[in-house]
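Peer 1: just a sequence and a predicted model for now, questions to come.
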Amino acid sequence: MEAAVIDPTSTGAVIEYLPGYDGTVYWGAVLWLLARLALALYLIASALAQFDRSALPLWDVLLRLGLAALVMIGDPMIHFIAIAAALGWLTLHFLASNNRHDNPDGGSGGNRGRHVDVNAEESNLTVAGSNRT
């Protein structure tokens, strides 16, 4: 990463850095940026797929895209609030989808939590490309 902060106009054998840089890698800042990037990518991916444990309405997609942009803003006051809001929203979505899945009668949980017993010998399903039933 050193090459990214070396002043291209410097001459001679002495390495001169761009103003504001000293050649030190601040790993804490790099890891913090990567954590923010991971959260933003999760928000963007679930928004573009319009799904995160359950289907997302349009307003939720737009909220996630907005939060992803705010998480990547450089101002700490903005991105700290955006991170808290994003984590809170994802937690609420997770808890709400768990309640729907745990209570199939009250939500769109499908067959989750139910046992379906299928015996291959008793079914009349035809395997594609074969004459077996």
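Peer 2: Here it is on my side, so go on.
Peer 1: distance from the chain centre to the least confident helix or strand in the chain by mean pLDDT, please.
Peer 2: When the helices and strands of the chain are scored by mean pLDDT, DSSP states H and E, helix 76-102 comes last with a mean of 91. With C-alpha atoms, centre = their mean, to the nearest Å as the basis, helix 76-102 stands 12 Å off its chain's centre.
Peer 1: that one packs against which elements?
Peer 2: Packing partners of helix 76-102 (3 or more C-beta pairs under 8 Å, 6 or more residues apart in numbering; DSSP states H and E): helix 27-49, helix 58-71. Heads up, the C-betas are built off the backbone N, CA and C, glycines and all.
Peer 1: distance to Ile6 and mean neighbour count added to these, as a markdown table?
Peer 2: Putting the helices and strands packed on helix 76-102 into a markdown table (distance: least, C-beta to C-beta, whole Å; neighbours: other C-beta atoms under 10 Å) gives the following:
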| stretch | distance to Ile6 | mean neighbour count |
| --- | --- | --- |
| helix 27-49 | 18 | 14 |
| helix 58-71 | 30 | 17 |
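Peer 1: okay, the angle between the least confident helix or strand of the chain and helix 27-49?
Peer 2: Interaxial angle of helix 76-102 relative to helix 27-49 (axes from the mean of the first three to the mean of the last three C-alpha atoms, to 10 degrees): 50 degrees.
Peer 1: got CSV for the helices and strands packed on helix 76-102, with mean pLDDT and distance to Thr11 too?
Peer 2: Converted to CSV, those look like this (pLDDT from 0 to 100; distance: least, C-beta to C-beta, whole Å):
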stretch, mean pLDDT, distance to Thr11
helix 27-49, 96, 30
helix 58-71, 97, 41
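Peer 1: what's the residue nearest in space to the middle of the chain in contact with, if anything?
Peer 2: Nearest to the mean C-alpha position of the chain, by C-alpha atoms, centre = their mean, lies Tyr42 at 1.0 Å. Residues in contact with Tyr42 (C-beta atoms under 8 Å, 6 or more residues apart in numbering) are Leu90.
Peer 1: do Met77 as well
Peer 2: Met77 touches nothing, counting by C-beta under 8 Å, 6+ apart.
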